[in-house]
Structures are given as C-alpha cells and as structure tokens.
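[1] From the sequence below, what's the structure:
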Amino acid sequence: MKKLLLAISFLYALSTTAQYILPEHERARVVDEILSERFNNLLPSLMDETGIDMWILISREYNEDPVLKTMLPATWLNARRRTILLFNRDKSKNTIEKLAVARYNVGENIVSAWDKEKQPDQWKRLTELIEERNPTKIGLNFSKDHNIADGLDKTDYDEFIKNLPKKHHNKIVSAEQLAVRWIETRTPREIVIYNQLVNITHEIIAEAFSEKVITPGVTTTTEVEWWMRQKVTDLGLETWFHPTVDVQRSSEELVSHLYSFSGRPDDMVILPGDLVHCDFGITYLRLNTDCQELAYVLKPNEKEAPKFLVEGLKAGNQVQDFLTNNMITGRTGNEILAKALNEAKAAGLRPSIYTHPLGSYGHSAGTTIGMWDSQGGVMKDDGENYPLRPNTVYAIELNTTITVPEWNRDIRIMLEEAGFYGENGFRYVNGRQTELLLIPRVKSHQGK
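    Take a look at the predicted model:
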C-alpha cells in the first residue's frame, strides 16, 4: 500500500510539473516561430548597430559553429555536409536576405541559394553571391575574447580566403560583437518562456529537497543528484550539466569553493542539522536555466531552521542586491563586480561574485561579472570589455561567507538565480530564494 501511495504521489508531482511542458511537435513549432521573429525583427537591428552588412557563417556537420547551431530549425539537429549561411542587410531598403549556400533550404527562414547542377563548386557560388551584393563589411565568426563567437574553423577560413577575390579581403572583420549580441539578446516572447523554465527548475528543486526524496540518515547526496537528473529525463527535458548536491555541517571545516563542484565526496548521507545545497539547470525550448538553492534538514523537535542560517540567507540576499543594483547599461563586468564587492564589504559582508550570461547556452556569451577564482576582475579574453546591454539574462551566481559560533566554523551561503536585465532595469525571472527549504516540510497537526 505504501509503495502504491508513493507511486501515486510521484505521478501527481510529475503531472503538475509536466503541465508546462509541450510535446515535441509543439516545441518545434515554438522554436521555429521564435527563430523567425529573431531573423526578421532582431537580426536587422543587430547588424545595423554593429555596422556589418553581410554576415557569413560556415560549419561542417558535427563541427558546428556555436552561433550557427542556434540558427538551425527545430528539425535540424546538426548542420548538413558543409552548411554556409549568408545574411545580407540593405539598411536603405530595410531588407534582409537569409540565404544558404547549401543543397537545402535551412528550414522555412533560410532559402537555398546554390544549385549544384548550375555551379558545382560551393565556394565559387558563395563568391558569386558576395560579388553580386558587394558588401561594405563581411563579418566572420573569429574572436579572441569570446569563445562562442569564435566558431569558424581554420580549414573553412583558409578555403574562404583562397576563393574570395582579393578586392574583398579588406572588408573582412570579426563578427564577435554581432555574434555575442545575437546569442545574448532575448525577445519578449523568449522572456515569457523563460519564466516557465525557471518555474519548472524551482519545482524540481523543491521536490528534491523534501521528504518525498530525502530520508535523513538514509538518502545520500549522490542519490539526490541522480533523482534530479532522472526527473528531468522523465519530463522529456535535458540537463545541460550534471546536478550537484553537497552539505555543510557542524562537524566539518569549510573548504575551498571548488569543493561544491569538484572533489567533494560521493554518497554523503544527509543528516538532521545539515545545510544542503544544489546546483541544477535544465534545457528547454533552446534556453537554459542555472539555479542554486539551500535546504535545512530539521532535527527532531525542530520546526524551523536555526536563526544563524536564516540570517545567513538574508546576507546572501544582500549580496544579490548589491550586485543587481549595480547592473547599469554600459558598465563592463569588471566595473559592476568592483562596485558590488566594495559596497558589500563596506556593509560587513564577505562576498564572492561570479555571475555569467545565461540563455542559448548555460555559460553563455555576454557580460561576465567575475569568476569564482578571479575576484579582482576577469581578463580581456574572458569578455571584460563587453558592456552590459538590455534584454539579456544572467545567472546571478555568488556566495557570502558567514561565521557560525554555534558550529565553531565558517560556512558559505551559495545562491544562483536567473535574472533579466531590461530597459527598466533588473528583475528576477521567477523570483529568488528568500527562505530556506525545510526537510521535512513542517505540517500542522490537529487533535490531541
């Protein structure tokens, strides 16, 4: 009977979360509709703002440029053979051509412009298209500073240069700014969808950090990690990294920040009095989440978390506020980091901030605000010079160290939430954790 009730409980929880999740066919429709909006409404303005009137992306099957991969239709899981995309912007006529120097149309948005029977050589056909349009600047995806904008491989670059008439060589520029803007910028519809993604993420964490999954003294951290991953699979979704779960407790000293993500012991049994932490993210409709939350395992006769942990979470929220209040359009990640850290330290906190762009990729392109091992600012090749822009999403990832006299040690309050930065400033996509999750949940019992 107990197994039956557990099975019913699991199915109910699965169904309540699954109500947000579309079947594959509907997902494909949404993905392609959003792509169409991005190509027709977003891309022209990005090309104008970055001064590139022709953008060429070249990839071979299974070696896709990270930017080109985000442009493929829902039914294309990879490029085919050598796929060449050409976007030509005529600002005076307010038109944009979306062409594929490939044997096929690339979905409904990008039309094939190569008839192999008429022109057997793919590179020569690309050259013909360039000559016919005579662009001012030809953007290619090579970049020292942004890895996601560096997707053009040497073989394709060499072939492109060899076949391109020399009179066009001086028109070639790095498309890194355009590539990053394409990757980081979210449309209004994507932001609506993002709210659903983060809600699903929060619901899975809430269930994982409950008595439905964790039996203190029995369940291990590794078992919770695999439960979370299996839950995502059962919902028909993907994780973009393996979930991690770790604990801090009174009997152990605080170790390196790296411990929470690499090198921590497997199969730690979760015990009453533990502060449990997870790092977890999902992929859905070509967007990604990244979330860290905290739970406290109640001891016998406890009905709430100890005050020092409640205050610790408030300190973590304070660091979040110092960071997000300093997110201002045009500031670089290093400028935001320095101001936020200085203000938090002046308030008596011991912060560490390592916030990254979030969107088409989990660790996406855009403004990098610190790294856990670079609290003095990141180097240029990590995107230091890239300014904060509106209509972007970030994993507000950070921690603060607090001293706990009751445990005779320091502990680290680690938090991460998706945040949207828009024309009207910053807001959390779907709220943030301001109260510790309790294991088990406290229930009121009536009667004698």
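[2] from here on, contacts and neighbour counts on C-alpha atoms
    Fine.
[3] tell me the secondary structure for the closest residue to Val180 other than its chain neighbours?
    For Val180, ignoring the flanking residues on the chain, the nearest one in space by C-alpha to C-alpha, 6 or more residues apart in numbering is Ala365 at 5.6 Å. Using DSSP: H, G, I helix; E, B strand; the rest coil as the criterion, the local structure at Ala365 reads coil.
[4] What about Ala365, how many residues nearby?
    Neighbour count for Ala365, taken as other C-alpha atoms under 10 Å: 26.
[5] residue contacts, it?
    Ala365 is in contact with His146, Asn147, Ile148, Val180, Ile183, Glu184, Pro357, Leu358, counting by C-alpha atoms under 8 Å, 6 or more residues apart in numbering.
[6] Tell me who's in contact with the fourth one.
    Applying C-alpha under 8 Å, 6+ apart to Val180 gives the contacts His146, Ile148, Ala149, Ala365, Gly366.
[7] what do you get if the cut-off is 10 Å, keeping everything else the same?
    The neighbours of Val180, taking C-alpha atoms under 10 Å, 6 or more residues apart in numbering as the test, are Val67, His146, Asn147, Ile148, Ala149, Ser364, Ala365, Gly366, Thr367, Tyr386.
[8] Domains in this structure, by residue range?
    As recorded under automatic domain parsing, the domains making up the chain are 24-183, 187-439.
[9] so Glu108 touches Ser36, yeah?
    Yes: counting by C-alpha atoms under 10 Å, Ser36 is a contact partner of Glu108 at 8.3 Å.
[10] Could you tell me which residues touch both of these two?
    Residues touching both Glu108 and Ser36 comprise Pro73, with contact defined as C-alpha under 10 Å, 6+ apart.
[11] how about the strands in the stretch 151-300 of the chain?
    172-174, 238-239, 244-248, 275-280, 282-284, 287-288, 291-297 (DSSP state E, counting those that start in this stretch).
[12] Can you tell me which of the ones you listed is nearest to Pro135?
    Shortest distance between Pro135 and the strands of the stretch 151-300 of the chain, using C-alpha to C-alpha, is found for strand 172-174: 9.9 Å.
[13] what's the model's confidence in the longest helix belonging to the chain, averaged?
    Looking across the chain with DSSP state H, the single longest helix is helix 188-208. Along helix 188-208, the predicted local confidence has a mean pLDDT of 97.
[14] which non-adjacent residue is nearest Leu294?
    Leaving aside its chain neighbours, Leu294 sits nearest to His277 (4.6 Å; criterion: C-alpha to C-alpha, 6+ apart).
[15] should've said Thr215
    What sits nearest to Thr215 in space, not counting adjacent residues and going by C-alpha to C-alpha, 6+ apart, is Ile270, at 7.9 Å.
[16] List the contacts of the one you found.
    Taking C-alpha under 10 Å, 6+ apart as the definition of contact, the neighbours of Ile270 are 214-221, 224, 246-249, 276, 297.
[17] Quick one, which of those residues are buried?
    Members of those that pass the buried threshold by neighbour count (16 or more other C-alpha atoms under 10 Å) are listed as 214-216, 219-221, 224, 246-249, 276, 297.
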